[in-house]
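Visitor: prediction below, plus the sequence it came from.
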Amino acid sequence: MNLEQARFNMVEQQIRPWEVLDPRVLSVMEHTPRERFVPESQRMLAYADLEVPLGHGESMMRPTVEGRLLQALDIQPRDVILEVGTGSGYLTACLAQLGSHVESVDIHEDFTRTAGQPLKDLQLRNVNLVTGNAAEGWSGRHGLYDVIAVTASMARYREDFERQLNLGGRLFVVVGEPPAMQAMLVIRVGENDFSRHGLFETCLKPLQGFEEPPRFVF
């Protein structure tokens, strides 16, 4: 496989047609070697528009969804970012190249451990990988963040994460139940004021702790 050509094709044939037009996002995704973050047994799928399995029932997001997420968050060079769900570390790498610092949290210790090596290989030193459960609340080392990217879904929207935004901060989250979930962008516009916008339909695995409670049938 010609990996450089595969990355170019991913951007031009998958991501750009999905209305991702921000040149910074397109450049980051074209130049970040996604194959380094994919499990070795799945390397041939690195640039396919698929959810690549990672273990623990988790998967990498499709490249098109990653592109839309990065574009919606409008990350600036000084932004401090919280990523909820490290996964493979690929999205972490993209966030780190767009912003100032990324604190990435995952409940699976092997994910945060495995993601560290390719990030190190790419000399991305502005990332802090942490094993923990952000669904239980996450103060982290920064307290408030300019950007929060939640890489899994919640069945019902909860305000936990939006309260961790700085004024003007942006939150990306997917809300709903399969098969139709809504990607949302939340912006903190005041001390107690938030704007919430629907972006597009997609479907992601629930974030642990934010699953739909079981329904009781009588």
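Guide: Happy to help now that I have it. Residues are numbered from 1 along each chain as shown.
Visitor: now the helices for the chain?
Guide: 3-9, 23-31, 63-73, 90-98, 109-121 (DSSP state H).
Visitor: of all these, which one is nearest E162?
Guide: Closest approach to E162 among those is made by helix 63-73 (13.5 Å; CB to CB). C-betas here are computed from N, CA, C, even on glycine.
Visitor: name the surrounding residues that touch that closest one.
Guide: Applying CB atoms under 8 Å, 6 or more residues apart in numbering, the external contacts of helix 63-73 come out as 10, 14-15, 18-22, 25-26, 28-29, 34, 47, 49, 61, 90-91, 94-95, 98, 147, 149, 170, 172, 183, 185, 199-200, 202, 204.
Visitor: strands - which of those residues land there?
Guide: If you go by DSSP state E, the contacts of helix 63-73 have V147, A149, R170, F172, A183, L185, L199, F200, T202 in strands.
Visitor: the fourth one: neighbouring residues, count only.
Guide: It stands for F172. 22 (other CB atoms under 10 Å).
Visitor: please renumber so the chain begins at 564
Guide: Sounds good: first residue 564 from here, last item F735.
Visitor: quick check: V665 touching T649?
Guide: No: at 9.6 Å, V665 and T649 do not qualify as touching, with contact defined as CB atoms under 8 Å.
Visitor: what touches both of those two?
Guide: Contacts common to V665 and T649, judged by CB under 8 Å, 6+ apart, are T655.
Visitor: next one: the residue nearest the centre of the chain from V738, what distance?
Guide: Per CA atoms, centre = their mean, the C-alpha nearest to the average position across the chain is that of T714, at 4.1 Å. T714 is 14 Å from V738, where distance means CB to CB, to the nearest Å.
Visitor: now swap in G679 and tell me
Guide: 30 Å.
Visitor: next: Q686.
Guide: 36 Å.
Visitor: for A746, same thing?
Guide: 8 Å.
Visitor: out of these two, which sits in the more crowded spot?
Guide: A746 (22 against 19).
Visitor: OK, contacts around the nearest residue to that one once chain neighbours are set aside?
Guide: Nearest residue to A746, sequence neighbours excluded (CB to CB, 6 or more residues apart in numbering): L762, at 4.3 Å. Neighbour list for L762: R631, A635, Q745, A746, M747, L748 [criterion: CB under 8 Å, 6+ apart].
Visitor: of all the residues you listed, which comes closest to G620?
Guide: Closest to G620, out of all of the contacts of L762 and judged by CB to CB, is A746, at 20.9 Å.
Visitor: quick check, that closest one in contact with R759.
Guide: No: checked against CB under 8 Å, the pair A746 and R759 is beyond contact range at 11.4 Å.
Visitor: just checking, R606 touches R597?
Guide: No: between R606 and R597 there is no contact under CB under 8 Å: 9.7 Å.
Visitor: neighbour count: those two, which is higher?
Guide: R597 (24 against 15).
Visitor: near the residue nearest to that one when sequence neighbours are not counted, how many other residues are there?
Guide: Nearest residue to R597, sequence neighbours excluded (CB to CB, 6+ apart): A609, at 4.8 Å. The burial count assigned to A609 is 24, neighbours taken as other CB under 10 Å.
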